[in-house]
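1. how does the following fold in three dimensions:
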Amino acid sequence: MENKKVLSISIILLSLSIVFGSIFVGYSLSKSAKPQISTSPSIESNVLNLSQAAKYLDMPEAELQGIINTEKAALDQSKIFTRMMFPYFTVNDKKYFYKNEIDEWLKDVSKTHRQYDTKKRMGGSVNRLY
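-> Residues are numbered from 1 along each chain as shown. Here you go, the predicted structure:
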């Protein structure tokens, strides 16, 4: 009789352990499966605005805009640009950048050792690409 009582209590405890363990594992899995939503803009996104792209490149926004202007001026002047231009698209006069394309542009720029002078010179001359 005593053995049946101990066996019954053991079965009940084992059943409760299985039930609570399953609930705990299920809760843990559902919590980790929820997407993390960030309310602040970050560089974790694949599409960046001008300030995020500048932060990603660790340079001031004006310097990044200077690179874009320099390449545009070189294209306007010669009507051709043989290397990869800084990648961006414009929506309602705001520039946006795809992070993977920035990485590709960086590879191209570093392979060719391209140099940019993004500071306006005295006397009104335009930015230069070397």
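
2. and the strands in this protein?
-> In the chain, the segments counted as strands under DSSP state E are 47-49, 89-91, 94-98, 116-117, 128-129.

3. can I get the ones you listed in JSON lines including mean neighbour count and distance to residue 27?
-> Any C-beta I mention is one placed from the backbone N, CA and C, and that applies to glycine too. Formatted as JSON lines, those follow (neighbours: other CB atoms under 10 Å; distance: least, CB to CB, whole Å):
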{"stretch": "strand 47-49", "mean neighbour count": "16", "distance to residue 27": "34"}
{"stretch": "strand 89-91", "mean neighbour count": "9", "distance to residue 27": "41"}
{"stretch": "strand 94-98", "mean neighbour count": "16", "distance to residue 27": "37"}
{"stretch": "strand 116-117", "mean neighbour count": "16", "distance to residue 27": "53"}
{"stretch": "strand 128-129", "mean neighbour count": "16", "distance to residue 27": "57"}
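
4. shaky segments in the protein?
-> The model of the chain has pLDDT under 70 over residues 33-44, 120-130.

5. quick check: longest helix of it.
-> Ranked by number of residues, the top helix in the chain under DSSP state H is helix 2-33.

6. in that helix, what's buried?
-> Under the neighbour-count criterion of 16 or more other CB atoms under 10 Å, helix 2-33 has nothing buried.

7. list the helices and strands that helix packs on?
-> Helices and strands touching helix 2-33, by 3 or more CB pairs under 8 Å, 6 or more residues apart in numbering; DSSP states H and E: there are none.

8. next one: that helix to chain centre, how far?
-> Distance of helix 2-33 from its chain centroid, counting by CA atoms, centre = their mean, to the nearest Å, is 43 Å.

9. check stretch 81-92 too.
-> 18 Å.

10. need the CA coordinates for that stretch. PDB is fine.
-> The C-alpha coordinates for stretch 81-92 follow below in PDB (Å, rounded to 0.1, in the frame of the first residue of the first chain):
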ATOM      1  CA  PHE A  81      32.200  58.300 -65.100                       C
ATOM      2  CA  THR A  82      34.200  55.100 -65.500                       C
ATOM      3  CA  ARG A  83      34.100  53.900 -61.900                       C
ATOM      4  CA  MET A  84      31.300  53.100 -59.500                       C
ATOM      5  CA  MET A  85      29.600  56.300 -58.300                       C
ATOM      6  CA  PHE A  86      28.400  56.700 -54.700                       C
ATOM      7  CA  PRO A  87      25.100  54.800 -54.600                       C
ATOM      8  CA  TYR A  88      21.900  56.600 -53.500                       C
ATOM      9  CA  PHE A  89      18.400  57.200 -54.500                       C
ATOM     10  CA  THR A  90      16.200  60.300 -53.800                       C
ATOM     11  CA  VAL A  91      12.700  60.500 -52.500                       C
ATOM     12  CA  ASN A  92      11.100  63.900 -52.100                       C
END
